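In: Structure for this input, please:
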Amino acid sequence: MNAEGPAPATGAAPLAGNRAGPVRAGEELDVAAVDRFVKERVAGLRGLPAVSQFSGGASNWTYLLRYEGGAGDSPHTELVLRRPPAGTKARSAHDMGREHRIQAALAPHYPYVPQMVGLCEDESVIGVPFYVMVRIPGAIPRRTLPPGVDWTVDRTRELCENVVARLVELHRVDVDTAGLAPLGKGPGYPRRQVEGWSQRYEKARTWNVPSFGRVRAWLAERTPDDAGRCLIHNDYRLDNVVLAEDDPTRVVGVLDWEMATVGDPLMDLGAALAYWVEAGDDWLARRVRRQPTHLPGMLRRAEVVERYLDATGLHAADWPFYETYGLFRVAVIAQQIYYRYHHRQTRNPAFKSFWVLVRYFHWRCRRVMARAGG
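Out: Predicted coordinates for the structure are as follows:
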């Protein structure tokens with residue numbers, strides 16, 4: 001496909017929550033092999049780790065390794081292991097080496113990246129490549145904000161502004177200095193993305209969803225030149241950030257870098273805001289909301305755009321293009337997931353009605369186009 005970055009993992013999900021549970025049947029780790037790998041890189045650990053698993057969908061399997069001992073006076077050390085799911089065929093969608101190298105290179109320039117412990121590409125160790133990183137303690141906002149906090153309007157707004165500021169800060173990283181420039185494919189990122197996501201949709205289309213023909217043509221006709229060149233996260237949402245334990249308005253970590261690449265910052269913003277549900281949105285948007293952007297104090301989408309543009313000095317003469325692109329991209333991801341259900345590649349009942357979401361995002365795209373005179 002003609003698009004930057006790895007192929008998106010169908011049904012990808014970030015670390016689901018800040019607590020791990022029992023390891024799912026059939027997804028167990030070779031704990032002794034992992035322990036040998038870890039102890040060659042981390043001093044002071046005692047015994048075998050207690051292993052639990054973060055919940056997730058069809059994306060990379062993610063485990064918590066909790067050791068006794070470690071550096072300094074801490075009685076425990078918590079590490080996170082990421083590996084591809086079993087039976088992975090599209091390695092580009094689960095490239096552990098790429099994900100590890102991006103974070104390792106970015107860490108000196110962006111302090112919200114987890115600290116890498118090590119990458120193992122020797123499949124004889126546990127059967128697949130994997131990497132280990134230090135766990136960032138804190139809360140991850142999901143559909144609601146973390147409990148036990150007096151979330152006033154002012155405090156909620158401060159959190160929201162901090163989340164936007166961390167995206168601005170990411171886009172200011174010098175990719176040449178960080179050694180991340182090779183991730184890019186040169187000018188023309190917006191056009192390659194429109195073409196790439198259109199091709200993905202064609203391959204995943206089923207009989208019960210619209211063609212998106214007019215949407216795709218409209219995007220192709222209005223595709224702008226690159227607004228800039230920077231490292232983009234490509235899945236930047238509130239449920240991919242970690243909030244400080246002592247001040248949950250403060251972002252201390254950004255997770256899930258598997259789709260990061262060098263590209264256009266406004267495309268990253270448009271993709272992020274496709275998940276941003278406001279209090280005044282329609283009932284279906286509110287029903288499928290996965291982050292607490294509807295709460296009093298949260299910025300509206302237009303306010304996020306205004307704040308971002310003011311902070312970066314960028315211009316978005318045709319913001320409806322970026323908004324429509326973001327919505328179309330989410331529609332394609334939903335359709336890829338539904339395609340797997342439709343063809344009995346998964347029987348997860350949660351995916352049964354995803355074709356309805358695809359139709360809904362088609363309607364959203366056409367609404368934005370209509371307002372823009374398209």
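In: after the helix or strand bottoming out on mean pLDDT in the chain comes which helix or strand?
Out: In the chain, no helix or strand scores lower on mean pLDDT, DSSP states H and E than strand 16-21, which sits at a mean of 65. As assigned by DSSP states H and E, the chain's next helix or strand after strand 16-21 is helix 31-39.
In: Just the residues contacting whatever helix or strand comes next after that next one, thanks.
Out: Counting by DSSP H and E, the element after helix 31-39 in chain order, helix or strand, is strand 45-55. Contact with strand 45-55 is made by 15-17, 20-24, 27, 29, 31-32, 34-35, 38-39, 61-70, 77, 79-80, as judged by C-beta atoms under 8 Å, 6 or more residues apart in numbering. Any C-beta I mention is one placed from the backbone N, CA and C, and that applies to glycine too.
In: try stretch 365-374
Out: Residues contacting stretch 365-374 (C-beta under 8 Å, 6+ apart): Phe212, Arg214, Val215, Trp218, Arg222, Asp318, Pro320, Glu323, Thr324, Leu327, Phe328, Ala331.
In: and what of stretch 353-360?
Out: Around stretch 353-360, the neighbours that count as contacts under C-beta under 8 Å, 6+ apart are 206, 208-210, 284, 288, 331, 334-335, 337-338, 341-342.
In: Now do Val288, the pLDDT please.
Out: pLDDT, Val288: 92.
In: on that earlier part again, show me which of the contacts of strand 45-55 are buried.
Out: 15-16, 20, 23, 29, 31, 34-35, 38, 61-65, 67, 70, 77, 79-80 (16 or more other C-beta atoms under 10 Å).
In: right, and Ala20 touches Leu64 too?
Out: Yes. Contact criterion C-beta atoms under 8 Å: Ala20 and Leu64 qualify, at 4.0 Å.
In: For the protein, just list every one of the helices.
Out: Remark: helices assigned in the chain by DSSP state H are 31-39, 96-106, 153-171, 189-204, 213-222, 265-273, 283-287, 301-312, 319-342, 354-371.
In: just checking, what packs against the fifth one?
Out: Translated: helix 213-222. Here helix 213-222 touches helix 189-204, helix 319-342, helix 354-371, going by 3 or more C-beta pairs under 8 Å, 6 or more residues apart in numbering; DSSP states H and E.
In: Convert it to PDB, retaining C-alpha atoms only.
Out: What follows is helix 213-222 as a C-alpha-only set of coordinates in PDB (Å, rounded to 0.1, in the frame of the first residue of the first chain):
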ATOM      1  CA  GLY A 213     -16.700   7.000  -3.800                       C
ATOM      2  CA  ARG A 214     -17.600  10.600  -3.500                       C
ATOM      3  CA  VAL A 215     -15.700  11.000  -0.200                       C
ATOM      4  CA  ARG A 216     -12.600   9.500  -1.700                       C
ATOM      5  CA  ALA A 217     -12.900  11.600  -4.900                       C
ATOM      6  CA  TRP A 218     -13.400  14.800  -2.800                       C
ATOM      7  CA  LEU A 219     -10.400  14.100  -0.700                       C
ATOM      8  CA  ALA A 220      -8.300  13.400  -3.800                       C
ATOM      9  CA  GLU A 221      -9.400  16.600  -5.400                       C
ATOM     10  CA  ARG A 222      -8.600  18.700  -2.300                       C
END
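In: Need the contact partners of that helix.
Out: In contact with helix 213-222 (C-beta under 8 Å, 6+ apart) are residues 191, 194-195, 198, 201, 318, 321, 324-325, 328, 362, 365-366, 369, 374.
In: give me that answer again for 7 Å
Out: Helix 213-222 is contacted from outside by Val194, Ser198, Asp318, Phe321, Thr324, Tyr325, Phe328, His362, Cys365, Arg366, Met369, Gly374, using C-beta atoms under 7 Å, 6 or more residues apart in numbering.
In: Rounded mean pLDDT for stretch 318-325, please.
Out: Here the average pLDDT along stretch 318-325 is 98.
In: so Pro292 touches Leu145, yeah?
Out: Yes. Contact between Pro292 and Leu145 holds when scored by C-beta atoms under 7 Å: they sit 5.1 Å apart.
In: Now do the contacts for the most centrally placed residue in the chain.
Out: In the chain, the centroid-proximal residue (C-alpha atoms, centre = their mean) is Asp235; its distance is 3.1 Å. Neighbouring residues of Asp235 by C-beta under 7 Å, 6+ apart: Asp256, Met259.
In: and what of Arg364?
Out: Contacts of Arg364 by C-beta under 7 Å, 6+ apart are Leu327.
In: measure it to Val358 for me?
Out: 11 Å (C-beta to C-beta, to the nearest Å).
In: Any chance of TSV for the contacts of stretch 365-374, columns neighbour count and distance to Arg155?
Out: Listed next are these as TSV, based on neighbours: other C-beta atoms under 10 Å; distance: C-beta to C-beta, whole Å:
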residue	neighbour count	distance to Arg155
Phe212	24	40
Arg214	14	43
Val215	25	38
Trp218	22	40
Arg222	17	39
Asp318	14	35
Pro320	19	32
Glu323	25	28
Thr324	26	33
Leu327	25	30
Phe328	28	34
Ala331	26	34
